[in-house]
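Trainee: let me see the structure of the following:
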Amino acid sequence: MPETVLATRPALPATTAAREKGASRVPLAAALLGFAVVFLVPCLGVLYTSLKSDADIAANGLWAPSGSLSLDNYLQAFSVGGTGRYLLNSVLVTVPATAVSVALGTLAGYAIAALRPRFGELIGFFLLAGLFVPPQILLIPLFQGFNATGLYDTLWPMIVVHSGYGISLCTLVMRNFFRSLPMELRAAGLVDGASEPRILASIVLPMTRPALAALATLQFTFIWNDFLYPLVFTRSDTMRTVMVGILQQQGQFSIAYGVQAAMAVLASLPTVAIFIAFQKHFIAGLTAGAVKG
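Mentor: Residues are numbered from 1 along each chain as shown. Reported below is the predicted structural model:
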């Protein structure tokens with residue numbers, strides 16, 4: 001009997017600990033729920049406004065309930081607002097700039113982490129210093145340079161600037177990720193006679209898929225949502241990106257709130273789709289290296 005009693009006693013502290021653990025998670029869950037509500041309410045407000053007519057918005061306000069909801073603002077955004085052209089320009093800027101910055105950052109990070117060249121840390125520090133340069137102080141020299149070369153009012157300034165500016169972040173992320181990988185695989189590849197490009201393409205890059213997905217998602221979001229460079233480096237309406245195109249719906253005496261809201265919803269769909277498509281790899285890439293071992 002004593003042995004039986006002793007054997008059943010550990011269950012009580014375990015149950016108590018589980019209850020205390022569950023109780024300690026309640027404030028965290030409440031805080032997360034509060035953050036979710038604060039984040040979602042403006043998004044739902046924009047979506048609701050995009051379904052209301054300008055007359056209804058002018059009469060009752062942006063948040064007032066309305067019984068007449070329609071998709072007219074979305075149709076007007078494409079037919080009059082030029083949303084299709086703005087979205088195409090954003091794609092033509094974001095896709096190549098993301099690809100170039102991620103590719104060059106991956107090569108630079110691999111060279112610094114795996115090859116360990118002379119002055120490699122100095123080169124990495126030089127690239128990292130680019131993160132501390134405010135983009136606003138570069139506007140005047142960049143504007144003068146693009147204007148002198150005839151690239152002003154084209155899509156090339158945004159592609160070039162975002163490609164170059166994103167190399168710093170991409171190099172930093174990929175260098176740290178490459179250092180967490182077992183370099184014994186690279187050594188085995190060298191023993192088998194594989195070249196460095198073959199090792200990078202066949203051995204290393206498959207293991208860095210989560211980091212590449214997370215980095216590409218972040219870069220795509222940063223570039224897609226950029227407003228400053230398209231506003232400064234473009235003049236004609238045919239070269240505007242979607243973020244600047246939303247501003248174009250604001251006239252001198254009136255603002256098309258419904259069309260602006262519809263364009264904002266359409267502008268957010270590509271980034272949402274990219275995150276959903278790479279959600280699994282994105283989360284894995286963010287948590288990679290968080291647990292040692």
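Trainee: contacts, neighbours, all on C-alpha from now
Mentor: Will do.
Trainee: export stretch 171-181 to PDB, keeping only CA atoms.
Mentor: Extracted C-alpha coordinates of stretch 171-181, given in PDB (Å, rounded to 0.1, in the frame of the first residue of the first chain):
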ATOM      1  CA  THR A 171      24.100  39.600 -47.200                       C
ATOM      2  CA  LEU A 172      23.700  39.900 -43.500                       C
ATOM      3  CA  VAL A 173      20.800  37.400 -43.300                       C
ATOM      4  CA  MET A 174      22.400  34.800 -45.600                       C
ATOM      5  CA  ARG A 175      25.900  35.100 -44.000                       C
ATOM      6  CA  ASN A 176      24.400  34.300 -40.600                       C
ATOM      7  CA  PHE A 177      22.400  31.400 -42.000                       C
ATOM      8  CA  PHE A 178      25.300  29.900 -43.900                       C
ATOM      9  CA  ARG A 179      27.400  30.000 -40.700                       C
ATOM     10  CA  SER A 180      24.800  27.800 -39.000                       C
ATOM     11  CA  LEU A 181      25.000  25.100 -41.700                       C
END
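Trainee: average pLDDT across that stretch?
Mentor: What stretch 171-181 shows for mean pLDDT is 85.
Trainee: same question for it: list its buried residues.
Mentor: Using 16 or more other C-alpha atoms under 10 Å as the test for burial, stretch 171-181 gives 171-175, 177-178, 181.
Trainee: outside of it, which residues touch it?
Mentor: 104-110, 112-114, 124, 127-128, 208, 211, 215, 288-289 (C-alpha atoms under 8 Å, 6 or more residues apart in numbering).
Trainee: inside helices: which ones of those?
Mentor: With helices defined by DSSP state H, the entries of those inside them are 104-110, 124, 127-128, 211, 215.
Trainee: looks like Gly189 contacts Pro197 (just checking).
Mentor: No - if you go by C-alpha atoms under 8 Å, Gly189 and Pro197 don't touch, sitting 10.9 Å apart.
Trainee: pLDDT weak spots in the chain?
Mentor: Low-confidence segments of the chain, defined by pLDDT under 70: 1-24, 67, 251-254, 281-293.
Trainee: out of the contacts of stretch 171-181, which end up buried?
Mentor: 104-110, 112-113, 124, 127-128, 208, 211, 215.
Trainee: just give me the closest of the residues you listed to Thr94.
Mentor: Leu215 (13.5 Å; C-alpha to C-alpha).
Trainee: wait, the closest one sits on Ala103?
Mentor: No - the criterion here is C-alpha under 8 Å, and Leu215 misses it with Ala103 at 10.6 Å.
Trainee: so how many other residues sit close to Ala201?
Mentor: When neighbours are counted by other C-alpha atoms under 10 Å, Ala201 registers 11.
Trainee: so how far is Leu205 from Thr106?
Mentor: Applying C-alpha to C-alpha, to the nearest Å, the value for Thr106 to Leu205 is 9 Å.
Trainee: that's a strand at Leu92, yeah?
Mentor: No - looking at Leu92 with DSSP: H, G, I helix; E, B strand; the rest coil, it is helix, so not inside a strand.
Trainee: so how many other residues sit close to it?
Mentor: Leu92, neighbours per other C-alpha under 10 Å, totals 16.
Trainee: same question for Ser268.
Mentor: Counted with other C-alpha under 10 Å, the neighbours of Ser268 add up to 15.
Trainee: and the helix or strand containing it, what does it pack against?
Mentor: Using DSSP states H and E, the element containing Ser268 is helix 257-277. On a contact count with 3 or more C-alpha pairs under 8 Å, 6 or more residues apart in numbering; DSSP states H and E, helix 257-277 meets helix 11-49, helix 54-60, helix 72-79, helix 209-224, helix 242-247.
Trainee: which one, of those, ends up nearest to Phe132?
Mentor: Of all the helices and strands packed on helix 257-277, helix 209-224 comes closest under C-alpha to C-alpha, at 16.2 Å.
Trainee: buried sites along the closest one?
Mentor: Counting neighbours by 16+ other C-alpha under 10 Å, one finds that the buried residues in helix 209-224 are 210-224.
Trainee: also stretch 57-69?
Mentor: 57, 62, 66.
Trainee: for that stretch, the distance to its chain's centre please.
Mentor: 33 Å (C-alpha atoms, centre = their mean, to the nearest Å).
Trainee: buried residues in the helix holding Ser268?
Mentor: 257-267, 270-271, 274-275.
Trainee: residues in contact with stretch 240-250?
Mentor: Contact with stretch 240-250 is made by 81-83, 86-90, 225-227, 230-231, 234, 237, 255-256, 259-260, 263-264, 267, as judged by C-alpha under 8 Å, 6+ apart.
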